[in-house]
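*Asks:* A predicted structure for the sequence below; I have some questions about it.
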Amino acid sequence: MTIGIRKAEINDLPIILDFMLKMAKETEGLVLSPEILESGIKNGLLDSDKAEYFIAEIDNIIAGSLMITKEWSDWRNAWVLWIQSVYTKKEFRERGVYKALYNFIENKVESNNEYCGIRLYVDNTNLNAIKVYSKLGMNGDHYRLFEKMY
């Protein structure tokens, strides 16, 4: 089984929308507005300064996706890539889909000195995701996330 990774295109919008609606419900019990979410994904797909989406495929079937955004680090004079909006279809879980997506992003960071690291946030109750991220060498030892969302 080969997992191919590619940059998402505008025609991937419906599948990414479906994935994000499912992910929000599964991981945080949230029901998102499909209209707002669709506009957000579309804006990210059309403007790589906002976000980049990547698709994992197995035998030409979309198995998962993730989004990255950039944060400037003045401490390191380089960009940190944030992994967000991660989803793997249920039938493809535990088959290395996220690992392939993560390795793709990790290679992007390691091969370009414009980048200095990778970050992500995870809901404290999402124990499966925490286990996967830890297994890939990430840790949650340094920071806590604080937010005020409107």
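*Replies:* Good, I have the coordinates.
*Asks:* Just the element for Cys23, please.
*Replies:* You called it Cys, but residue 23 is Met. helix 13-28 (DSSP states H and E).
*Asks:* And the next helix or strand past that helix?
*Replies:* Using DSSP H and E, the helix or strand that follows helix 13-28 in sequence is helix 34-46.
*Asks:* List the buried residues in that following helix.
*Replies:* Judged by neighbour count using 16 or more other CB atoms under 10 Å, the buried positions of helix 34-46 are Leu37, Glu38, Gly40, Ile41, Gly44, Leu45. No exception for glycine: its C-beta is placed from N, CA and C like everyone else's.
*Asks:* Format those as a markdown table; extra columns: pLDDT and distance to Tyr150.
*Replies:* Listed next are the buried residues of helix 34-46 as a markdown table, based on pLDDT from 0 to 100; distance: CB to CB, whole Å:
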| residue | pLDDT | distance to Tyr150 |
| --- | --- | --- |
| Leu37 | 98 | 16 |
| Glu38 | 98 | 20 |
| Gly40 | 98 | 15 |
| Ile41 | 98 | 20 |
| Gly44 | 98 | 19 |
| Leu45 | 98 | 24 |
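*Asks:* Show me which of those residues is closest to Asn77.
*Replies:* Nearest to Asn77 among the buried residues of helix 34-46: Gly44, at 25.5 Å, using CB to CB.
*Asks:* unless I'm mixing things up, that closest one is touching Ala51, no?
*Replies:* Yes. If you go by CB atoms under 8 Å, Gly44 and Ala51 touch, sitting 3.4 Å apart.
*Asks:* Give me the common contacts of those two.
*Replies:* Common contact partners of Gly44 and Ala51 (CB atoms under 8 Å, 6 or more residues apart in numbering): Met67.
*Asks:* that older thread, show me what the helix holding Met23 is packed up against.
*Replies:* Contact here means 3 or more CB pairs under 8 Å, 6 or more residues apart in numbering; DSSP states H and E; on that basis helix 13-28 packs against helix 34-46, strand 61-73, strand 78-88.
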